[in-house]
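Colleague: Requesting a structural model of the entry that follows:
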Amino acid sequence: MKDLRTFFEDYSKLFPNEIITIDKPADHKWFASAIATKVERAFKPVPVLIFNQLKLADGKLAQSPSVVNLLSSRKRLAWAIGSSYEKFGIDLGIKTRNKIKPQTVSKKDAPVKEVVKKGAEVNLTEYPAIVQHAWDPGPYITAGFLTTFDPDSGIDNCALQRGWIAGEREIRVSLGAHSHNAITLGKFEKNKKDTRAAYWIGHHPAVYLGTELRLGYPESHYESAGGVLGEPFRVTPSETLGDDFLVPADAEVVIEGFFRAGKRLPEGPFGEHLGYFGGQGWNPYMEVTCITHRRKPYWLTILCSHLDEKEGIGGARREASVYDIVKKLVPQVTNIYRPPSCPTHIYIQMKKTKDSQPRHVILAAIASNEGIKHVFVFDDDINIFDESEVLWAIGTRSQWDKDIIVVPNCASAGLDPTCEADMSTRGGIDCTKPAAPAVFEQRTFIPEEVMNQVSLEDYIPKELIPNT
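Modeller: Here you go, the predicted model:
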């Protein structure tokens with residue numbers, strides 16, 4: 001059985017310097033976020049930080065640890081699913097397709113039921129959620145999967161959707177106009193019914209990867225989580241939402257509640273993943289009825305506009321789903337990468353056989369996900385994980401009067417400040433050589449046998465060489 005705790009145990013044995021415990025008190029408002037930001041700038045890879053004494057709004061220390069940066073490293077996430085840095089997106093897509101049905105266990109066998117609080121016992125302000133940015137109105141749930149069940153099929157849907165802890169038993173939620181949870185909410189509200197929902201926080205990184213992927217609607221995230229985890233995802237009946245509402249048995253925290261039909265409250269602003277503050281809006285809110293958790297649960301936070309979104313899980317969710325769609329249309333595609341330099345970009349590598357293929361790739365990629373704004377297609381001799389090679393190929397293998405595709409009036413995720421009314425212009429650039437046998441300049445190179453024989457340590461003092 002894999003969960004967050006088994007991951008910490010296994011990973012720390014191999015990479016002990018990548019999990020750092022901070023025992024000195026740090027304020028949950030801005031200070032924890034500032035510490036994490038400085039660590040991000042100084043360390044490569046960025047370590048997991050565990051704050052053992054987070055100071056809350058009432059001045060008391062939280063009774064449970066707060067975790068940041070778990071999902072910020074592509075290398076760490078690749079290790080979690082048995083993949084490599086370069087093939088991470090491809091392997092994640094393969095594992096997602098190998099779905100495994102969840103396993104239902106009794107409440108007494110579910111670690112997440114070690115502590116059960118209902119009704120007036122619930123006080124969300126006791127938990128170590130972080131205030132990340134200067135304009136955020138308060139602490140947010142950012143690493144919690146909001147889970148609903150489609151009323152027609154009974155299939156679960158999970159998504160990382162921000163939730164402002166606005167009171168002891170109130171969470172104001174930004175669903176996103178195009179999200180599947182918003183569709184489910186709309187179905188219930190059409191019939192003037194309240195929507196049952198739960199947030200769950202903290203699990204093995206493989207579960208986060210499998211659950212965060214964009215699937216069809218309705219399509220079970222519990223099954224895709226099991227596929228990436230490599231074993232059935234264990235679930236258990238909820239406490240206040242009915243026995244048919246199943247929640248993760250091995251999560252650290254589960255928060256249960258209802259969205260009241262037609263009810264809205266102001267939510268936001270919030271510093272989002274593109275590096276801008278998302279504005280305030282009238283959004284649904286969750287009336288919390290119960291919270292269950294492990295003893296001393298790990299409260300996980302995703303730092304928005306940081307490496308969680310740029311380098312870690314944010315890139316993974318785009319790569320796996322886009323690769324799967326594009327590869328089916330154009331089999332010549334060989335790899336994919338969403339660079340940390342910009343969350344709206346995607347790089348696609350291919351072994352082109354026809355000049356029309358990059359255009360098909362671009363159109364398929366921008367149609368696959370509203371979060372993708374610009375697509376760049378490269379030959380398979382370009383290292384798409386090296387920004388210098390990417391820029392070189394853009395500059396030397398594209399003519400913008402014929403190699404740029406522009407598609408106006410596309411759906412948008414709504415977080416890009418250049419968009420209007422959830423509409424965006426998207427496009428891509430074909431940065432590939434001609435497919436037909438034609439004269440095209442040879443790239444410069446040094447014989448491989450010479451490169452293999454040269455060792456910097458033979459020429460430069462070891463203490464001056466980085467990462468040795």
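Colleague: Verify the stated contact: Ile100 with Ser220.
Modeller: No - if you go by C-beta atoms under 8 Å, Ile100 and Ser220 don't touch, sitting 10.2 Å apart. No exception for glycine: its C-beta is placed from N, CA and C like everyone else's.
Colleague: So between those two, which is more surrounded?
Modeller: Higher neighbour count among Ile100 and Ser220: Ser220, with 22 against 19, using other C-beta atoms under 10 Å.
Colleague: Spit out the contact partners of that one.
Modeller: Lys99, Pro102, Ile155, Asp156 (C-beta atoms under 8 Å, 6 or more residues apart in numbering).
Colleague: wait, doesn't the first one sit right on Glu223?
Modeller: It stands for Lys99. Yes - judged on C-beta under 8 Å, Lys99 makes contact with Glu223 at a distance of 4.0 Å.
Colleague: For stretch 20-39, give me every contacting residue.
Modeller: Looking at what lies outside stretch 20-39 - C-beta under 8 Å, 6+ apart - the contacts are 46-57, 61-62, 66, 68-69, 128-134, 139, 303, 306.
Colleague: And the strands in the stretch 151-300 of the chain?
Modeller: Per DSSP state E, counting those that start in this stretch, the stretch 151-300 of the chain carries strands over the ranges 156-160, 163-167, 170-173, 195-201, 234-237, 246-248, 253-259, 265-267, 270-271, 277-278, 281-283, 285-293, 299-301.
Colleague: Which of those strands sits closest to Ala435?
Modeller: strand 156-160 (39.5 Å; C-beta to C-beta).
Colleague: So which other helices or strands are in contact with the helix of greatest length in the chain?
Modeller: What stands out as the longest helix in the chain, according to DSSP state H, is helix 313-329. Judged by 3 or more C-beta pairs under 8 Å, 6 or more residues apart in numbering; DSSP states H and E, helix 313-329 is in contact with helix 74-80, helix 88-97, helix 205-212, strand 333-337, strand 345-350, helix 357-368.
Colleague: Would you tell me which of these gets closest to Ser412?
Modeller: Judging those by C-beta to C-beta, what sits closest to Ser412 is helix 357-368, at 11.2 Å.
Colleague: Report all helices and strands that the closest one contacts.
Modeller: Against helix 357-368 (3+ C-beta pairs under 8 Å, 6+ apart) you get helix 313-329, strand 345-350, strand 374-379, strand 404-411, strand 423-431.
Colleague: Output the below-cut-off pLDDT ranges for this protein.
Modeller: 273-274, 306-315, 413-415, 421, 437-439, 444, 460, 467-468 (pLDDT under 70).
Colleague: domains of it?
Modeller: 73-302, 330-431 (automatic domain parsing).
Colleague: Ends of the last one, what's the gap?
Modeller: Counting by C-alpha to C-alpha, to the nearest Å, you get 16 Å between the two ends of domain 330-431.
Colleague: any idea how far it is from the chain center?
Modeller: A distance of 20 Å separates the centroid of the chain from that of domain 330-431, by C-alpha atoms, centre = their mean, to the nearest Å.
Colleague: if we can go back for a sec, only the buried subset of the contacts of stretch 20-39, as a PyMOL command please.
Modeller: Buried residues within those, by 16 or more other C-beta atoms under 10 Å, are selected in PyMOL with:
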select buried, resi 46+47+48+49+50+51+52+54+55+56+62+66+68+69+128+129+130+131+132+133+139+303+306
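Colleague: re earlier: want to throw the helices and strands packed on helix 313-329 into JSON lines with mean neighbour count?
Modeller: Output for those, formatted as JSON lines (neighbours: other C-beta atoms under 10 Å):
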{"stretch": "helix 74-80", "mean neighbour count": "22"}
{"stretch": "helix 88-97", "mean neighbour count": "21"}
{"stretch": "helix 205-212", "mean neighbour count": "27"}
{"stretch": "strand 333-337", "mean neighbour count": "23"}
{"stretch": "strand 345-350", "mean neighbour count": "24"}
{"stretch": "helix 357-368", "mean neighbour count": "22"}
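Colleague: among those, which is nearest Gly281?
Modeller: Once the helices and strands packed on helix 313-329 are compared by C-beta to C-beta, helix 205-212 is nearest, at 22.8 Å.
Colleague: export stretch 73-81 as PDB, just CAs?
Modeller: Coordinates of each C-alpha in stretch 73-81 appear next as PDB, following Å, rounded to 0.1, in the frame of the first residue of the first chain:
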ATOM      1  CA  SER A  73      10.600  18.500  -9.000                       C
ATOM      2  CA  ARG A  74      10.200  16.800 -12.400                       C
ATOM      3  CA  LYS A  75      13.000  14.400 -11.300                       C
ATOM      4  CA  ARG A  76      11.200  13.500  -8.100                       C
ATOM      5  CA  LEU A  77       7.900  12.900  -9.800                       C
ATOM      6  CA  ALA A  78       9.600  10.800 -12.500                       C
ATOM      7  CA  TRP A  79      11.200   8.700  -9.700                       C
ATOM      8  CA  ALA A  80       7.800   8.300  -8.000                       C
ATOM      9  CA  ILE A  81       6.400   6.500 -11.100                       C
END
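Colleague: Give me the distance from it to the chain's centre.
Modeller: 13 Å.
Colleague: same deal with stretch 249-267?
Modeller: 20 Å.
Colleague: which parts of that stretch are buried?
Modeller: Ala249, Asp250, Ala251, Glu252, Val253, Val254, Ile255, Glu256, Gly257, Phe258, Phe259, Glu267.
Colleague: closest to Val406 among those?
Modeller: Glu267 (33.6 Å).
Colleague: ok, that closest one - contacts?
Modeller: Trp164, Ala166, Arg172, Val173, Ser174, Gln280, Gly281, Trp282, Asn283, Tyr285.
Colleague: pretty sure the fourth one is touching Arg162, no?
Modeller: When you say that, I think you mean Val173. Yes - using C-beta under 8 Å, Val173 is in contact with Arg162, at 7.2 Å.
Colleague: follow-up on the earlier one: any chance of the helices and strands packed on helix 313-329 in TSV, plus distance to Val375?
Modeller: Shown next, in TSV, are the helices and strands packed on helix 313-329 (distance: least, C-beta to C-beta, whole Å):
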stretch	distance to Val375
helix 74-80	20
helix 88-97	14
helix 205-212	21
strand 333-337	10
strand 345-350	5
helix 357-368	4
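Colleague: wait, which of these is closest to Leu456?
Modeller: Of the helices and strands packed on helix 313-329, nearest to Leu456 by C-beta to C-beta is helix 74-80, at 22.4 Å.
Colleague: just so I know, which of the helices and strands packed on helix 313-329 lies nearest Asp194?
Modeller: helix 205-212 (24.0 Å).
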